[in-house]
Structure formats: structure tokens, C-alpha cells
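J.: Have a look at this prediction, sequence included:
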Amino acid sequence: GENVEQHPSTLSVQEGDSAVIKCTYSDSASNYFPWYKQELGKGPQLIIDIRSNVGEKKDQRIAVTLNKTAKHFSLHITETQPEDSAVYFCAASIYTGGFKTIFGAGTRLFVKA
Amino acid sequence: GAVVSQHPSWVICKSGTSVKIECRSLDFQATTMFWYRQFPKQSLMLMATSNEGSKATYEQGVEKDKFLINHASLTLSTLTVTSAHPEDSSFYICSAREEDRGEWSQPQHFGDGTRLSIL
């Protein structure tokens, strides 16, 4: 079945710097890749997503890139702010008689003021 | 848009009690709903998937008689933890997704979770 690996598990950056979180997936049939941000005590919130027919997508300070050949996708956050501190999860969706979403293990991002 | 409301947000109860958690999609019709369990500093562990009007599909190792799921309408799913014990204490999160169209999956939207503490 599909497997999603996420790195790093913890990331600490200075306010204003960029943060990059990387994920790899195993099944080339996966075609939808959402990213979620989870703040303490809350549920995950969808922040950006990308479909396999697109290589890059940007929304203000966040962007996602997808390399289908290498089965890699990454989240880029520029000009980080303390409120970006949270756990970020990548995910890959694959059709197996219905769409199934597999989540990465998460990255805990700390943005130091 | 795409708001999922989950209640209650926090439950503390005695061992042996049954607890019901509600999950509602407020502004869209959720053909499929999901229930997850999350342990501290860990990822989301899928417990079961339910489609409106059908029986839930449970993941391996999840006791269906322990965790009763009902997806009675396109906007409401409930999870009942029956005869809860301390080991059932956890953070439970629901998620909802609109009907998938064609070859693309629709995004999942999550509730804010329910922290269940069994004494």
C-alpha cells in the first residue's frame, strides 16, 4: 500500500527565515497531495494542496512543489512568523475503490522570535 | 467554507461509561466521514471510514463493537465509545469529505477534536 515519509520531524527556524518540509510517497498512482497545519489542541487545517497534473502551487507565503518522477513533494514557507509554529502533516491520496488518504508522521515547526 | 464541527471538545467520565462524539459538516454535504485517534506527538491514526447510509469500514485492530460509528445523514456522523476504560483516553478527531468527482479526490476537512479522559 501507499506509504508517506516526512522529514524533518522537528524544524526550528528564526523568524523571517524560510522553512522547507519534504515528503516522499511510494505509489505512483497517488494523485492528490494536501498539507495540513495542526495547532496545539486543535484539529488539522488544510493550508494548501496540489494535484498531480501541476508541478507547483503558491498561496501568499506558502508554496508546494511536486516532483512526480522522484515521488517527492515539499512545503515551502517564506518569511516565517511565530504564528507559523505548529505541526505540519503532508498526505497523499490514492484511489483504491475509493480515495484513501495516507498521512506523514508530521513535522513540528518552531519559529523563534 | 468547509467547516466541520465536532462536539464535545472535552469529556471526562468514569470507567464503564459510554461516550458519544458528534461530527457535523456545516456548509457542505459529507459523503464520506473519517474518525481518527491521535496520541501525543504522533500522527493521525485512522480508525474507520463511513459513507452515508452504509456501515462503517474499520481499520485493522479497531474493535467495531467498542467504537460504534453511525453516519445517518450527509451532515452528521457519530462515534460512540462503549464502556470506556482508561486506555481509551485519547484525542479523537473526525474528518469529512464531499463526494469525489472524477479522477480527483476532494480534500478532507477536520473538526477540532475531542479530548477524552476516562478516570
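T.: Perfect, I can see it now.
J.: Return the residues in contact with A:I62.
T.: Residues near A:I62 by CB atoms under 8 Å, 6 or more residues apart in numbering or on different chains: A:W35, A:I47, A:I48, A:L75, A:H76, A:I77, A:T78. (Each C-beta comes from the backbone N, C-alpha and C, glycine too.)
J.: What residue in chain A is the furthest from its centre?
T.: Distance from the C-alpha centroid of chain A, by CA atoms, centre = their mean, peaks at A:G97 (24.7 Å).
J.: just the strands in chain A please.
T.: Counting by DSSP state E, chain A has strands at residues A:4-7, A:10-14, A:19-25, A:32-38, A:45-51, A:56-59, A:62-67, A:72-77, A:86-95, A:99-103, A:107-112.
J.: With distance to B:V81 and mean pLDDT as extra columns, can I get the ones you listed in CSV?
T.: Shown next, in CSV, are the strands of chain A (distance: least, CB to CB, whole Å; pLDDT from 0 to 100):
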stretch, distance to B:V81, mean pLDDT
strand A:4-7, 28, 98
strand A:10-14, 32, 98
strand A:19-25, 32, 98
strand A:32-38, 22, 97
strand A:45-51, 25, 96
strand A:56-59, 37, 96
strand A:62-67, 36, 98
strand A:72-77, 34, 98
strand A:86-95, 24, 95
strand A:99-103, 22, 91
strand A:107-112, 28, 98
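J.: Of all the ones you listed, which one comes closest to B:S43?
T.: With distances scored as CB to CB, the stretch of the strands of chain A nearest to B:S43 is strand A:99-103 (5.4 Å).
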